[in-house]
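Chemist: Got a sequence here, can you build the structure:
(chains A and B)
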Amino acid sequence: MGNRLAIRQFVQRLLVQKGDQRPFHDSDSLLLSGRLQSVDAVEVVVFLEEQWGIDFAEIGFDESLIDSVDAIEALIQTAGVAK
Amino acid sequence: MKLGVSPKKCPQVVSRPVMASEVATVLREHPAVRNAVACSDGESVVAFVIADESYIDDVLGREGAARGQERKWRKTYDLTQLTKAAAASPFAFNIAGWNSSYTRQPLPPEDMREWVQTTVDRISTLAPTEVLELGCGTGLLLLRLAPACRRYVAVDFAPSVLTRLREQLAQSEDLREKVEVLERSANNFEGFADNSFSTVIVNSVAQHFPSQAYLNRVMENAIRVVRPGGHVFIGDQRNLVLLEAYAASTEAFQPTSEVSVEELRRRIHKRIQQEQQLVLAPTYFLSLQQRFPKISRVEIYPRRGNRDNEMTHFRFDAILWVGTGSGPATEIPFLDPSAEGWKLGKLRPLLAAGKSNALGFARIRNSRVEGDMRLLARLASADPEQKFSELRKDLDQPKAQGIHPEEIVRLAAETGYKVAMSWASCYSDGSYAAAFIRQRSSDECVFPSAKWPQPAPAAFVYYSNAPGQTEIRQKFVGELLSHCRARLQDKIVPTSLHLVDSFPRGSGGSIDCNALLSATQRSTRHRCV
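Modeler: The predicted structure follows:
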């Protein structure tokens, strides 16, 4: 499964859990727009740590890094650990 | 097998008190029910249950869910300290992670400075000497309070947060010697002896506790480790009485130009249902005095501050006085307002006349939240199809009729009184009471003690929301109703069953069914079951 699809599926699951069935584009803001909350950001972070070994203690954290599917995919590529 | 009266032997009409009594008896047979009562609302029987919290934790799995929730919060706070903002924070003012619920952006530093200072001021008046702070974070309070203390034990569960705190402590030899930093959860009191602290501080932390049961354990231990004459300070606590106003205020702030009234109502309801934090009623803390004889006094103060933000509007500080020492509460005559409410212009001459040594004012309309109350009232009565933008035009008109709490403080200073303001009366519109006691130079008491107007009985039905427990509690209610169906005639099986925190009593000491019914009808907006 490609990175983008895996990310989309994960984000979609988070949104559905919150009762948010609205469609989303890969560029749509998720955290800064309020569709996801800071505790949901934790879910995304754990997902990235487990799936791609991203170490936020090393690269630092900012919500904008994981604010959209596009941003998350770019982060994976920047970290140089894309599967 | 049904244990109730069989239909053949049952008279056609069973009196409602008999039905209610039978329902309550059957419910009390369930191992997870600590107490039960059933009331008739005229049409049907409604049951109310106080659950055995250990059953919900162990059998229904809340304990496991709570551990998962705690891990999430720990990670959330750890992440805040991996940001550039945290790394660039000045000494003793690391506010990374303090974001507004309205904008989701960092709260203005001016708001946070006031928040820190007003909190430190309030705690300092308790004259703490040996402090246990649960959830110390990056040391916003510690770094200001510890210099005047003999011993300060700081507890937090987030390792990155404590790393930042230790970096700051390393800059002060004095603090390094008297401050002990422990990485542990707030409910871990291992190694803390009875009566070993003057003050326990739980500031802006309890909202991250997974349940009221968890908070109960923390409070029980906090009271145990505080010596007589000391205090438990629970600060910056979100107020359940104002949860709906908070939800409405934050939702209405979002872009809503094309949103209908019905859609906005739905969003407010959803925000309340999905609330992830523990939100407490002031009555939770008032009830602790009945459970713990060591507590001699409980005060519920609205937050101090001139800045407009969610902390000053919707949160309170609770202080528990442990043992004797606070002195008897002053019997203050509390005046009720006329229909148009209190105005500063009315209060000033009453105080300036100087005839009273002590004077109280009940139900002072709170200008901080009256706009939110107006919003709720308009949403309740508006046409569901109407665009919210049309309603907003009316709401934006400044119609402040209430009094800002800080204006009360200034009025007291001008007229030579000390003043305390209280939310202990739990007025549902966020109004507060104020007690003015004449200033005497010989009087050292900085916390005037008054017998505040009592909350309505319905305010004691719920002590908190139940964040993240909707599924567990719905399952539990289903289990209890099945238990009833298996043992009662169909016609007396409760039509609804509510899990509540206490049974309010009427003046004669009997359970107040009207209070239970009215509280649970209101709470359908913020409690599922």
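
Chemist: From residue B:277, how far off is the residue of chain A found nearest chain B?
Modeler: Going by CB to the nearest CB, chain B is nearest to residue A:61 of chain A, at 3.9 Å. All C-beta atoms are positioned from the backbone trio N, CA, C, and that covers glycine. Taking CB to CB, to the nearest Å as the measure, residue A:61 falls 21 Å from residue B:277.

Chemist: any idea how far the residue lying closest to residue A:18 once chain neighbours are set aside is from residue B:379?
Modeler: Spatially, and ignoring its direct neighbours in sequence, residue A:18 is nearest to residue B:274 (6.4 Å; CB to CB, 6 or more residues apart in numbering or on different chains). Distance, residue B:274 to residue B:379, using CB to CB: 19 Å.

Chemist: More neighbours: these two, which one.
Modeler: Neighbour totals were compared for residue B:274 and residue B:379, and residue B:379 leads with 21 against 15 (other CB atoms under 10 Å in any protein chain shown).

Chemist: List the contacts of that one.
Modeler: With CB atoms under 8 Å, 6 or more residues apart in numbering or on different chains as the criterion, the residues that contact residue B:379 are B:248, B:261, B:264-265, B:268, B:391.

Chemist: burial count for residue B:36?
Modeler: By the criterion of other CB under 10 Å, residue B:36 has 24 neighbours.

Chemist: What about it? Give its phi and psi, please.
Modeler: When read as degrees, to the nearest 10, the backbone of residue B:36 gives phi -150, psi 150.

Chemist: And for residue B:131?
Modeler: Dihedral angles (degrees, to the nearest 10) for residue B:131: phi -110, psi 140.

Chemist: so it bridges to which residues?
Modeler: Per DSSP bridges, the residues bridged to residue B:131 are residue B:152, residue B:199.

Chemist: What is the burial count for it?
Modeler: Neighbours of residue B:131 (other CB under 10 Å): 28.

Chemist: Repeat that for residue B:362.
Modeler: By other CB under 10 Å, neighbour count at residue B:362 equals 19.

Chemist: can you give me how far the lowest-mean-pLDDT helix or strand in chain A is from the chain middle?
Modeler: Sorting the helices and strands of chain A by mean pLDDT, DSSP states H and E puts helix A:56-59 at the bottom, at a mean of 89. The chain centroid and the centroid of helix A:56-59 are separated by 16 Å, computed with CA atoms, centre = their mean, to the nearest Å.

Chemist: repeat for stretch B:299-314
Modeler: 13 Å.

Chemist: Next: stretch B:59-74.
Modeler: Chain-centre distance of stretch B:59-74: 21 Å, with CA atoms, centre = their mean.

Chemist: low-confidence ranges in the chain?
Modeler: I'll assume chain A. For chain A, residues meeting the criterion pLDDT under 70 lie at A:1, A:80-83.

Chemist: hmm, I had chain B in mind actually
Modeler: Using pLDDT under 70, the flagged stretches of chain B are B:1-17, B:257, B:325-328, B:396-399, B:441-447, B:522-529.

Chemist: and it, what are its domains?
Modeler: As assigned by automatic domain parsing, chain B contains the domains B:16-58+B:468-523, B:62-239+B:279-322, B:334-367+B:402-450.

Chemist: would you list these in JSON lines and tack on distance to residue A:79?
Modeler: JSON lines is the format used below for the domains of chain B (distance: least, CB to CB, whole Å):
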{"stretch": "domain B:16-58+B:468-523", "distance to residue A:79": "32"}
{"stretch": "domain B:62-239+B:279-322", "distance to residue A:79": "14"}
{"stretch": "domain B:334-367+B:402-450", "distance to residue A:79": "48"}
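
Chemist: ok so, going back, which one of residue A:61 and residue B:277 is surrounded by more residues?
Modeler: When residue A:61 and residue B:277 are compared for neighbours, residue A:61 comes out ahead with 21 against 16, by other CB under 10 Å.

Chemist: surely the more buried one meets residue A:45?
Modeler: Yes. Residue A:61 is within contact range of residue A:45, at 7.4 Å (criterion: CB atoms under 8 Å).

Chemist: Quickly compare the domains of chain B and say which is most buried.
Modeler: domain B:62-239+B:279-322 (a mean of 19; mean count of other CB atoms under 10 Å in any protein chain shown).

Chemist: near chain A, which residues of the stretch 1-150 of chain B?
Modeler: Listed as neighbours of chain A in the stretch 1-150 of chain B under the rule CB under 8 Å from any CB of the partner chain: B:72-73, B:75-76, B:79-80, B:82-84, B:87, B:99, B:104.

Chemist: Would you map the strands across chain A?
Modeler: With DSSP state E, there are no strands along chain A.

Chemist: Can you show me the helices along chain A?
Modeler: For chain A, applying DSSP state H gives helices covering A:3-17, A:38-52, A:56-59, A:69-78.

Chemist: Pull the distance from stretch B:290-309 to the chain's centre.
Modeler: The chain centroid and the centroid of stretch B:290-309 are separated by 10 Å, computed with CA atoms, centre = their mean.

Chemist: just stretch B:366-381 next, same as before
Modeler: 20 Å.

Chemist: Which positions in that stretch come out as buried?
Modeler: B:366-376, B:378-379 (16 or more other CB atoms under 10 Å in any protein chain shown).

Chemist: I'd say residue B:307 and residue B:110 touch.
Modeler: Yes. Residue B:307 is within contact range of residue B:110, at 6.6 Å (criterion: CB under 8 Å).

Chemist: Contacts only, for residue A:55.
Modeler: By CB under 8 Å, 6+ apart, the neighbours of residue A:55 are residue A:49.
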